[in-house]
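Engineer: here you go, sequence then predicted model.
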Amino acid sequence: ATGTAPEADNGSLRTADGSQVLLSINVNAPDEVDSILAATTAGIGLMRSEFAVTSLGDAANEEKQFAIYRRLLGWADGRAVTIRMLDIGGDKPLSGLTEAPSLRGVRLLLARPEIARVQARALLRAAVFSNLRVMLPMVTFPSDVDDIRQIYREEASELARRGVPHRIPPIGMMVEVPAAALMLDRFESADFFSFGTNDLAQYLIASAREDADFALYQDRAVPAVLRLLSQAVKLAGGKPVSICGDMAGDPARTADLLAAGICHFSVAPARLPAIRSAIVGLNADGTKAAGE
Ligand code: PEP
Ligand code: MG
C-alpha cells in the first residue's frame, strides 16, 4: 500500500493477503455524487446515462450532456469515470424510442445513430478534461463495438474539422448478454469489460426483471451466473474486468466474485461500507482471512 490515506477510506483496497481490489461507485442521477468523497472511491464504474438523459430532447442536446459528463469528471478529480451510453429499452423504456422488445441498448443506438452521434460528440469533448471511459450497454456481437467505434472515429474527424477539442476515450462494454459472456475472447475491439449481473441473470434464466418474483429466480440463478463469470474472466485476455451489476454490492457474494477472478467492484454508494469490510476480511482467492 502506498499513499497517505488510510486504506479503509480509499477506493483502492487490499484483501487480507495483500492483493489490490478497486471499489468504484454506480451513479444514476448525477447529483448522487455530491454527498460522496471521490477519494473514498476508485471513481465511477458505471454512470447510467439514461437516468440523466431522460427525454428525446435531452438525447438531442449535446451541450446538456457535455455539462453533465464534465461535472462528473470534475468530481472524480482524475479518477476513472465510466459513462455508459444510453441503455434504453427493456426495463428502461423511453417513449417514442422503444417499440421493438429486442431493440435495446447498443442495438437501439445503432438503429438510431443520430442519438448515438450526439452522445458520442458530448463524450469525445468531455474526454479532453480527464479520465473518461465509455461503456456500451447490452453488447451482443463484436460488430456492435466495431460499429460504435466507427461512429466515434467519424464524429472525431468532424470535431477536428471544426477545430473542437476532443479525444477518443477507451471504449469498453457491459457483459450482460450471455452470448457475449460466452464469446468474450472475440471482442477484440473492446478496451475493457464490466459484468452486468442483473441482465445476465434475467437472460440466463428466462425471466424478466420487471416481474414481482424476479428476486426469487435471481437467487436461484447465482451458481449459473458465477460459473459464467469465471469462464468469461478467463476469456477476457488480460483486459480490465469489473463487475457493476447488483451482485457486486452484496457482501454475501464477495468471496465468490473474488474466487471468480474479479478484483474491481462497482457498487451503489450505500453499499460501499459493506463491500469494503467484506473485501478486507477475505483473501484474494475468496477464502476467509485467518482469524475471521
Ligand atoms: C446490469 O444489467 O447488471 C447492469 C449493471 O445494468 P442495469 O442494471 O442498468 O441494466
Ligand atoms: Mg443491464
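Structural biologist: On my side now, so go ahead. Ligands and ions are numbered 1, 2, ... in the order given.

Engineer: up against ligand 2, what does the protein have?
Structural biologist: Taking Cβ under 5 Å from the ion as the measure of proximity, the chain contacts ligand 2 at Glu176, Gly196, Asp199. (C-beta placed from N, C-alpha, C; glycine too.)

Engineer: contact residues of the stretch 151-292 of the chain facing ligand 1?
Structural biologist: By the rule Cβ under 6 Å from any ligand atom, the part of the stretch 151-292 of the chain lying against ligand 1 is Glu176, Gly196, Thr197, Asn198, Asp199, Cys244, Gly245.

Engineer: do that again at 8 Å, thanks
Structural biologist: The stretch 151-292 of the chain comes close to ligand 1 at residues 174, 176, 194-202, 209, 244-247, as judged by Cβ under 8 Å from any ligand atom.

Engineer: same question, the stretch 1-150 of the chain
Structural biologist: In this structure, the stretch 1-150 of the chain approaches ligand 1 at residues Asn26, Leu46, Arg48, Glu50, Arg84, Asp87, Gly90, Asp91, Lys92, Pro137, judged by Cβ under 8 Å from any ligand atom.

Engineer: hang on, the fourth one packs against Ile83?
Structural biologist: I take that to be Glu50. No: with contact defined as Cβ atoms under 8 Å, Glu50 does not reach Ile83; the gap is 11.0 Å.

Engineer: what pLDDT does the model give the residue nearest to Thr98 when sequence neighbours are not counted?
Structural biologist: In this structure, Thr98 finds its nearest non-sequential neighbour in Gly89, 4.7 Å apart by Cβ to Cβ, 6 or more residues apart in numbering. Looking at Gly89, its pLDDT stands at 88.

Engineer: residues near Gly89, how many?
Structural biologist: Counted with other Cβ atoms under 10 Å, the neighbours of Gly89 add up to 23.

Engineer: now do the same contact list for it.
Structural biologist: When contacts are counted by Cβ atoms under 8 Å, 6 or more residues apart in numbering, Gly89 touches Leu97, Thr98, Pro101, Leu103, Arg104, Gly105, Arg107, Leu108, Met138.

Engineer: okay, and the beta partners of Leu282?
Structural biologist: Beta bridges link Leu282 to Lys288, judged by DSSP bridges.

Engineer: check the gap between it and Gly261 for me.
Structural biologist: From Leu282 over to Gly261 the distance is 14 Å, taken as Cβ to Cβ, to the nearest Å.

Engineer: list the pairing partners of the lowest-mean-pLDDT helix or strand in the chain within its sheet, with orientation.
Structural biologist: Ranking every helix and strand in the chain by mean pLDDT, DSSP states H and E puts strand 12-14 at the bottom, with a mean of 87. When pairing is defined by DSSP bridges, strand 12-14 lines up against strand 20-27 (antiparallel).

Engineer: using CSV, write out every CA atom in the strand it pairs with.
Structural biologist: What follows is strand 20-27, C-alpha atoms only, in CSV (Å, rounded to 0.1, in the frame of the first residue of the first chain):
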residue,chain,number,x,y,z
GLN,A,20,-5.3,-4.9,-4.6
VAL,A,21,-9.1,-4.5,-5.2
LEU,A,22,-10.7,-1.5,-6.7
LEU,A,23,-14.0,-0.2,-5.4
SER,A,24,-16.0,2.2,-7.6
ILE,A,25,-19.5,3.6,-7.5
ASN,A,26,-22.5,3.2,-9.7
VAL,A,27,-24.2,6.5,-10.4
